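K.L.:
Provide a 3D model corresponding to the input given below.
(chains A and B)
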Amino acid sequence: MTEYQNEQLSVAQMRTGQTGIVVGVAGGPGLIRRLDAMGIRPGKPVTKISSTLFHGPVTLGVNSFRVAVGFGMARRIIVRVDKHLP
Amino acid sequence: MKRILLVGNPNVGKSALFSRLTGTHIITSNYPGTTVGFTKGYLKLGGVQAEIVDVPGTYSLEPSSRAEEVAVNMLKEGDLIINAVDATNLERNLNLTLQLLERRVPMIVALNMWDDTRHRGIDIDATKLEALLGVPVVPTVGVTGQGIRELVGRLSGAKVPENVRTYSSSDERWAKVGDIVGQVQSLTHRHHTWYERLEDATSHSAGGIIIALLVLFGTFWFVRFIGEGIINYVGNPLFELLWTPVLLKLSALLGGGGFWHNILVGQLIGGQIDYTQSFGFLSTGLYIPLAEVLPYVIAFYFVLGILEDIGYLPRLAVLMDTVMHRLGLHGYAIIPTILAFGCNVPGILATRVLESRKQRFIAMTLISIAVPCAALQAMIIGVVGNAGAGGGIGYVAIVYVSLFTVWIVTGIILNRTVRGFNPELLIEIPPYRLPPWQIVGQKLWLRVSGFIREALPIILGTVLVVNVLYFLGVFHAIGNFLSPVVTGLWGLPRDTIAALLVGFLRKDAAMGMLGTLGLTAKQLVVSATILAMFFPCVATFVMLARELGARDLLKATGIMLAAVLVMGSLQNLIL
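P.N.:
Here you go, the predicted structure:
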């Protein structure tokens, strides 16, 4: 729960339906670049649409489109969650 | 000749625009990565012929897969760029637009999927966007053709903007994109459509798996229903009523036997023509492709076309991701695999959307060993499932379960032994759309006519060659050489060797040969499984060689031989 206290958590840890602002991507330059090209970059709000059983991909809503990211990638996308947001 | 490039993000409707611009029909779908190679077409531009290229979709000019690499390399050779932009996704698309402008190639923007913006509550000021970008912007709808005339009319106005900026960082470029979007786009609230509700249901974890199973069984059932329907009510009656009398006359003319009779008409069974047994050039040679295989090819591609255009396949990729990771792949690899169930050749080509060499090697090897194409499946169902000849649908199921086991086990072994890395899934999930029926129809026609054009001559040729080789006793000689494996390990009669060898030319024709040998149900199962796994047909083999290179092709072949030896022996022992 420490993540909640400083309000930072990974996309994998978010609840379904929760929205967070991307703070950073804890990965190599290749991953950062690929996510950046998809519009997932610091300052961007992302909404967790769904997750899959057994550590499967996480589907995110970014602007008006949806993108599925593997679970390992989801663990590397760090967001800041405003507790007052649903 | 001028070369025009059609460039944009994946799944923004480039292929539909291309079809509209050139009048040639190419395959379009509702998932990112339909175009992995490139397609060329021609367009009259001010009385002059220009070449237009449908470039694979890419999110940025720094490629992360083979398909994106193809796209970026092609940019060096363009005289003019048509940048296809998804109007419902302006922000992400404009990021690529700005990168393209930095290349200083004359450009025009097609603001595609324009019809979708209204019910999504998006309002875009195209004139203002044109002023801000400094290049012409034309709203278009590729699927219906709206705006295409204007797009062509304004191609000559494509230009390099007067003050092109080069951005020093991605952040700077995104800031500019945000600035433009803020000025030209306004959003209004709207209600959830029923598609979006369906979307929520199918991307829900447990519900998604149930829906996926329903889709899978529904697909098999529907394909079989349509396939068998066409065979029973169209194919068989046509052959029996119209073609049999012609062949019987020919048979009488040729004196009822002899070399030419055997080649053209084949063996008469009880004085009659039996299309599955006679094996003549004009009897079985025509019957297999037209009456047995074609109905299933039509049925399969009809259902596939609908699944593609609705946008279901990316969701399936998400659901399958965890399983596919065990095989050294990620979920996206399910799309090439499904395409391969139609024909292995486009399936193997589609593995280009995968990012790493390890993934591509595993995906191609698994497809060529364990995924039977629609033509072979039609014949397996026809021959192994033929209750009259001692088979049955239960035996067909054994073949499928065996192949599935090979797919899983080989994948797990390859994942542990092939060096390299397996990146994670990153895939855009397109919104569900009602399939545009005109496009489903065009795509079906394209694929079916492709099958007839490419497969029919090869099947006919195969039947001809088989008959001549039999006559010359060539199979007999090879049979002596291979019989320890075939009869000893697999428990099959020596005659099957000829059919297995013919499988290298066409697997459906080979399965037809197996049907003439009077095999027991067990032998049918073993031989059908081996035929499916054994060397891929020559068209697939050529494609594999091109995509893998000599070394990896040799490796894949070794894996295939090992797998087929083990599976054939196991079936012979267990069944």
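K.L.:
which residues touch the residue of chain A found nearest chain B?
P.N.:
Closest residue of chain A to chain B, CB to the nearest CB: A:G70 (2.8 Å). (C-beta placed from N, C-alpha, C; glycine too.) By CB atoms under 8 Å, 6 or more residues apart in numbering or on different chains, A:G70 lies in contact with A:P57, B:D321, B:H330, B:P423, B:E424, B:L425, B:L426.
K.L.:
for chain A, just list every one of the strands.
P.N.:
A:8-10, A:19-25, A:45-51, A:58-62, A:65-69, A:77-80 (DSSP state E).
K.L.:
so what's B:V138 bridging to?
P.N.:
In this entry, B:V138 is beta-bridged to B:A110, by DSSP bridges.
K.L.:
neighbours of it, how many?
P.N.:
Neighbours of B:V138 under the rule other CB atoms under 10 Å in any protein chain shown: 23.
K.L.:
so which residues on chain B come close to chain A?
P.N.:
Residues of chain B lying near chain A by CB under 8 Å from any CB of the partner chain: B:59-60, B:62, B:64, B:88-89, B:91-92, B:95-96, B:120, B:122, B:170-171, B:174, B:200, B:203-206, B:208-209, B:314, B:317-319, B:321-322, B:330-331, B:423-431.
K.L.:
if we go to 6 Å?
P.N.:
Within chain B, the positions adjacent to chain A are B:59-60, B:62, B:64, B:88-89, B:91-92, B:170, B:203, B:205, B:318, B:321-322, B:424-429 by CB under 6 Å from any CB of the partner chain.
K.L.:
ok, so of the contacts of A:G70, who is nearest B:T487?
P.N.:
B:H330 (42.0 Å; CB to CB).
K.L.:
out of the residues of chain B next to chain A, which are buried?
P.N.:
B:59-60, B:64, B:88-89, B:91-92, B:170, B:203, B:318, B:321-322, B:424-429 (16 or more other CB atoms under 10 Å in any protein chain shown).
K.L.:
per-residue pLDDT, the residue nearest to the spatial centre of chain A?
P.N.:
With distances taken as CA atoms, centre = their mean, the residue of chain A nearest its centroid is A:V11 (3.2 Å). For A:V11, the model assigns a pLDDT of 94.
K.L.:
who's in contact with it?
P.N.:
A:V58, A:A74, A:I77 (CB atoms under 6 Å, 6 or more residues apart in numbering or on different chains).
K.L.:
10 Å instead, please
P.N.:
A:18, A:20, A:22, A:25, A:40, A:46-48, A:51, A:58, A:60, A:69, A:71, A:73-79 (CB atoms under 10 Å, 6 or more residues apart in numbering or on different chains).
K.L.:
tell me the mean pLDDT over stretch B:8-24?
P.N.:
For stretch B:8-24, the per-residue pLDDT averages 87.
K.L.:
circling back: which non-adjacent residue is nearest the residue of chain A closest to chain B?
P.N.:
Closest residue to A:G70 apart from its sequence neighbours, by CB to CB, 6 or more residues apart in numbering or on different chains: B:E424 at 2.8 Å.
K.L.:
would you say that neighbour is within a helix?
P.N.:
No: B:E424: not assigned to a helix; according to DSSP: H, G, I helix; E, B strand; the rest coil it is coil.
K.L.:
ramachandran coordinates for it?
P.N.:
The phi and psi values for B:E424, taken as degrees, to the nearest 10, are phi -90, psi 160.
K.L.:
follow-up on the earlier one: nearest to B:P289 among the contacts of A:G70?
P.N.:
B:H330 (36.1 Å).
K.L.:
report how many residues lie close to that closest one.
P.N.:
Neighbours of B:H330 under the rule other CB under 10 Å: 27.
K.L.:
distance-wise, check it relative to B:P106.
P.N.:
Remark: distance between B:H330 and B:P106 (CB to CB, to the nearest Å) = 38 Å.
K.L.:
same question for B:V72.
P.N.:
Distance, B:V72 to B:P106, by CB to CB: 18 Å.
K.L.:
ok now stretch B:435-450, how far from the chain's centre?
P.N.:
13 Å (CA atoms, centre = their mean, to the nearest Å).
K.L.:
next one: B:T166 from B:R173, what distance?
P.N.:
Applying CB to CB to B:T166 and B:R173 gives a distance of 10 Å.
K.L.:
more neighbours, these two?
P.N.:
Taking neighbours as other CB under 10 Å, B:T166 and B:R173 compare with B:R173 leading, 21 against 10.
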